[in-house]
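Participant: Next one to model:
(chains A, B, C and D)
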There are 2 protein chains.
Amino acid sequence: MKVTQQDIARLAQVSQSTVSRVIAGDERVASEVRERVQSVMRQANYHVDARAKSFRSRSTELIGLVLHRPEEETREDPFLSMLVQGITESLAGSCYRLTIEQARTRGEQSRIYDDMLRSRRVDGVLYLEPEVGDARLARLQKDNFPIVVLGNPGPLPITSVDNDNVLAGRLATRHLIDQGHTSIGYLGGPEGILVSDERGEGYANTMREAGMPTRCWHARFGFHSARQRAYEIFRSPNPPEALVVLDDTMAVGVMQAAEGSGLYVPRDLAVVSFNDSILCSMVPPGLSSVNLGMNDMISLAVRRLLGQLQHPEAGAAHSRTIVPCELKIRGSSSLLVEATL
Amino acid sequence: MKVTQQDIARLAQVSQSTVSRVIAGDERVASEVRERVQSVMRQANYHVDARAKSFRSRSTELIGLVLHRPEEETREDPFLSMLVQGITESLAGSCYRLTIEQARTRGEQSRIYDDMLRSRRVDGVLYLEPEVGDARLARLQKDNFPIVVLGNPGPLPITSVDNDNVLAGRLATRHLIDQGHTSIGYLGGPEGILVSDERGEGYANTMREAGMPTRCWHARFGFHSARQRAYEIFRSPNPPEALVVLDDTMAVGVMQAAEGSGLYVPRDLAVVSFNDSILCSMVPPGLSSVNLGMNDMISLAVRRLLGQLQHPEAGAAHSRTIVPCELKIRGSSSLLVEATL
DNA sequence: TTAGCTCAGGAATTCGTATTCACGGACTCC
DNA sequence: GGAGTCCGTGAATACGAATTCCTGAGCTAA
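Facilitator: Okay, here's the model as predicted:
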């Protein structure tokens, strides 16, 4: 049957309290007793019952993350992989672990976060990309749950870690302007996606400041959709000679469409995108891309959350951190750069 | 303060037991009482305390997964993304959720699985790619913990879901032979990786049966390492005219090295790899790849595990399922196929 | 009419651990 | 040398929900 601290106590001729103290590493237990208890525990193959422990100590030692259901195209999304690996790696060494749920729809996400925290299934959450004006998030914040937002919490006083998508958009656009292009377009994701809009905003601001006209297109996420939209763009009356594209996957679609349309990259079409993923090295002539510091962002967010969990009293303080981004220039945007992949 | 069933009971003028019964959906509660209780719960914004519930009902409603630390190159591994999305999606509708931990080393993985189960942090696990002769896994099996292996459990009587890597290796090789190639090599991962060895075995068997000599190379995982190794291969005295490569990412590295070595794919070098990921469509002229049915494998494994959790009495029975694999032919292995990406 | 049965719901118990309180002995300090 | 302090340990309690046991009311059947 199940071995409990009671059993260990009996075998080691001590009380259950002492067993608990040994496990907790309480200094006040005599080393002789401690060793006896530890030896018995080892022999009996005792493991603390996490359920009882979390019940009694009021802590599940779990942090939560809610994804939303991927579209078919984003099943292989490398960002999710980075996210999960980054979080679990940052959690190593702490007592906390990660639990993940999936929301069917965008709106369901906040419902699940709410339920997770209120039913105490987790001690805190990494809140992924809240929607603007998320009332549930606001209430959770008021109730002082440990939350760190990955993205933009809007006006809410919640600790957040984000990257500067507007700036990233500017960097990409500025670079293309510096390369001498004047006819530069932006290909974003579906309308209303914050990340896409922000990068587009950076693009638009920069173009306006340079006195150049802006041209924006939208496509669904993923390679195929971007490729198809790019074909349409290249067939249009006055196609752009450079494109800022929402992410690397989509940019690869664009480059393939360029090739299929008889356009050479970067001579006939320059491309810059975002994320600086491994893809950028994979496709000739190399894809220029803005590195958004995702890994830093993730590990920083975890550190912030762990901080909150360890110092719950500091509830009032919150911070907003923007990780720096950096443009990596490769062959897709510059003839000067060798095809350094 | 915290709202408990006690509080609800008081407000609704019933006993705590009745509140619990209402929550559990017990038929025997009069509908009038039920509605009163439910209304009070809603007003008080009551949420069941998951910690107390899991303590009392002896179930955490969590299933566990242990990753091992990625090498730098596999941080963006799309397989992990598929895995997490597939699992969480398959779990939707059940009461179970996913929790993920990371092992620093390959050997630590089984330690963590062991601890998870023995300390009852999870109700069951999806056991990823056990090492051959994993003694800890054997003991867990004996102790009747709910486990489904994703991969090969060896001789252990544990339910498992796997793909047939040997067959996949055969399909890839057979195809290259059918294309008229005679000098076909295999580029695998690091030595001792089961998946790599199995695919290599399929390759070797097929070559032997066709009376052709085998040539195997190894590289570390990832794009860069494969590219570098491929350059070396192409510089060698008698380079192969076709390569079976461990996975798509590595195959892209190979194709890039081919281009850099003045070899045209598929004319001078044919390439076939495994996974049939989105990459295959991304790189010209399209990468032939064996689709291993990962998505099916994942959702099947989850279903099996849920089955075990719901029918723990059927402990003795175990099954082994092999999901079918299928070769997708693209431009990298056949001149006949248009560059259909 | 009464023994027996059904049924809704209350009272009491239980799960395994962490923690608080209590206690006896050893020690310190004036 | 007596009062106060510290220390190691055991006894007792609390955590919140699920569950078992029990009760009293209403019903059926002989």
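Participant: only C-alpha atoms for contact and neighbour calcs from this point on.
Facilitator: OK.
Participant: What about residue A:291, how many residues nearby?
Facilitator: By other CA atoms under 10 Å in any protein chain shown, the residues close to residue A:291 number 18.
Participant: Tell me how far it lies from DNA strand D.
Facilitator: 46 Å (CA to the nearest atom of the strand, to the nearest Å).
Participant: With residue A:330 instead?
Facilitator: The gap separating residue A:330 from DNA strand D is 57 Å, by CA to the nearest atom of the strand.
Participant: wait, isn't that residue in contact with residue A:287?
Facilitator: Yes: using CA atoms under 8 Å, residue A:330 is in contact with residue A:287, at 5.4 Å.
Participant: Settle it for me: which of these two has more neighbours?
Facilitator: residue A:287 (35 against 25).
Participant: Pull the residues that contact stretch A:259-276.
Facilitator: Outside stretch A:259-276, the residues that touch it by CA atoms under 8 Å, 6 or more residues apart in numbering or on different chains are A:168, A:172, A:176, A:231, A:234, A:240-248, A:251, A:255, A:258, A:285, A:287-292, A:294, A:328, A:331-335.
Participant: Pull out the buried members of the residues you listed.
Facilitator: The neighbour count (16 or more other CA atoms under 10 Å in any protein chain shown) marks A:168, A:172, A:176, A:231, A:234, A:240-248, A:251, A:255, A:258, A:285, A:287-292, A:294, A:328, A:331-334 as buried among those.
Participant: which bits of chain A sit near DNA strand D?
Facilitator: Residues of chain A found near DNA strand D (CA under 7 Å from any atom of the strand) are A:13-18, A:27-30, A:32-33, A:55-56.
Participant: Tell me which stretches of the stretch 101-250 of chain A form helices.
Facilitator: Along the stretch 101-250 of chain A, counting by DSSP state H, counting those that start in this stretch, helices occupy A:108-118, A:135-142, A:165-178, A:194-209, A:223-235, A:248-260.
Participant: Of these, flag the one that's most buried.
Facilitator: The highest mean neighbour count among the helices of the stretch 101-250 of chain A, using mean count of other CA atoms under 10 Å in any protein chain shown, belongs to helix A:248-260: a mean of 25.
Participant: roughly how far is that helix from the heart of the chain?
Facilitator: Relative to the mean C-alpha coordinate of its chain, helix A:248-260 is positioned 25 Å out (CA atoms, centre = their mean, to the nearest Å).
Participant: quick check: mean pLDDT across it?
Facilitator: Per-residue pLDDT values over helix A:248-260 give a mean of 96.
Participant: now the angle from it to helix A:223-235?
Facilitator: If you take axes from the mean of the first three to the mean of the last three CA atoms, to 10 degrees, helix A:248-260 sits at 40 degrees to helix A:223-235.
Participant: Now helix A:248-260 - C-alpha only, CSV.
Facilitator: Included here for helix A:248-260 are C-alpha records, laid out as CSV according to Å, rounded to 0.1, in the frame of the first residue of the first chain:
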residue,chain,number,x,y,z
ASP,A,248,10.1,34.4,-41.5
THR,A,249,7.7,31.7,-42.6
MET,A,250,5.6,34.1,-44.5
ALA,A,251,8.7,35.7,-46.0
VAL,A,252,9.9,32.4,-47.4
GLY,A,253,6.5,32.1,-49.1
VAL,A,254,7.0,35.6,-50.5
MET,A,255,10.5,34.7,-51.8
GLN,A,256,9.2,31.6,-53.4
ALA,A,257,6.5,33.5,-55.1
ALA,A,258,9.1,36.0,-56.3
GLU,A,259,11.1,33.3,-57.9
GLY,A,260,8.0,31.9,-59.5
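Participant: helix or strand right after that helix?
Facilitator: As assigned by DSSP states H and E, the chain's next helix or strand after helix A:248-260 is strand A:270-274.
Participant: Show me what that following strand pairs with in its sheet, parallel or antiparallel.
Facilitator: Strands adjacent to strand A:270-274 in the sheet, as given by DSSP bridges, are strand A:242-245 (parallel), strand A:288-291 (parallel).
Participant: So which residue is smack in the middle of chain A?
Facilitator: For chain A, the residue sitting closest to the mean C-alpha position, by CA atoms, centre = their mean, is residue A:83 at 5.0 Å.
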